[in-house]
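>>> Please work out how this folds:
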Amino acid sequence: MAFADALCNQYWVMRHGESLANRQKLIVSQPQNGLQDYGLSARGQSQVETSVRQAHALSEDTVIVCSDFLRTRQTAERAAVLLGTRTPVQTDVLLRERDFGALELGSTDHYRAVWALDVDDPSHACWDVEPIMAVVARLQTLLLALEARYAGRQLLLVSHGDILQILQTVMTGVSPSAHRSVPHLGTAEIRRMPVEDV
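Here you go, the predicted structure:
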């Protein structure tokens, strides 16, 4: 059974808009770098505006929960203004970027090597990267906490690329090691969860 089958709330996800780290092709996955720096680029801000204005299913009643990194907070806060949400944006460390360990502040080209290892071993921690199964555990904890807090609500989770890839596997019952095979979210893209036919 897919995790989504037991959820009583509606979930939408949104990847943050283009960030300064995206523009510089840098891995920024740790709090000491991501909490106060590497926020949205001008293009990222525009992407958020466009995406939220096209998300007609979201409304002022939407509850927004985001990673506490600067790029996701800026995305969530702008989305909240555009939607006129009644509930203040909430941050949750469980939605933080996957920790890429020793690869921090290195080139995003290193992602491919990590993802290749993920396929064979979702518990690997090469380069001190956070294992997929650790991400799965925190996302399950998050969903259970939100389900305990809300009922029949529409929630928008604003997070990071890898996190949202892995969340799709959690919700649909796909093996977490196949997270790169599920539909990828572009910067500032909003998507209803769970995705059908992944």
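
>>> residue nearest the centroid of this protein?
Centre of the chain computed as the mean C-alpha position; nearest residue by CA atoms, centre = their mean is S159, 2.6 Å away.

>>> Mind listing the residues bridging to that residue?
Residues found in beta-bridge contact with S159 (criterion: DSSP bridges) are R15.

>>> quick one: it from R53, how far?
Taking CB to CB, to the nearest Å as the measure, S159 and R53 are separated by 21 Å. (Glycine included, C-beta is placed from N, CA and C.)

>>> D99 against V28, yeah?
No: in terms of CB atoms under 8 Å, D99 does not count as a neighbour of V28; the distance is 10.8 Å.

>>> Which residue of the two possesses the greater neighbour count?
Comparing D99 with V28 by neighbour count (other CB atoms under 10 Å), the higher total belongs to V28, at 23 against 18.

>>> Show the pLDDT at the nearest residue to that one once chain neighbours are set aside.
Excluding the flanking residues, the one nearest V28 by CB to CB, 6 or more residues apart in numbering is A21, at 4.1 Å. What the model reports for A21 is a pLDDT of 98.

>>> G39 against T75, yeah?
No: G39 lies out of contact with T75 (CB under 8 Å); the separation is 9.3 Å.

>>> Which one's more surrounded, these two?
Shown here are G39 and T75; by other CB under 10 Å, T75 has more neighbours (33 against 20).

>>> Mind checking what secondary structure the more buried one has?
With DSSP: H, G, I helix; E, B strand; the rest coil as the basis, the three-state label of T75 is helix.

>>> which residues sit against stretch 80-98?
Under the contact criterion CB atoms under 8 Å, 6 or more residues apart in numbering, stretch 80-98 has outside partners 28-29, 31, 34, 49, 52-53, 58-69, 72-73, 76-77, 79, 129-130, 135, 138-139, 141-142, 145, 157-160, 162-163, 166.

>>> Identify the bridge partners of S107.
Note on S107: beta-bridge partners L26, judged by DSSP bridges.
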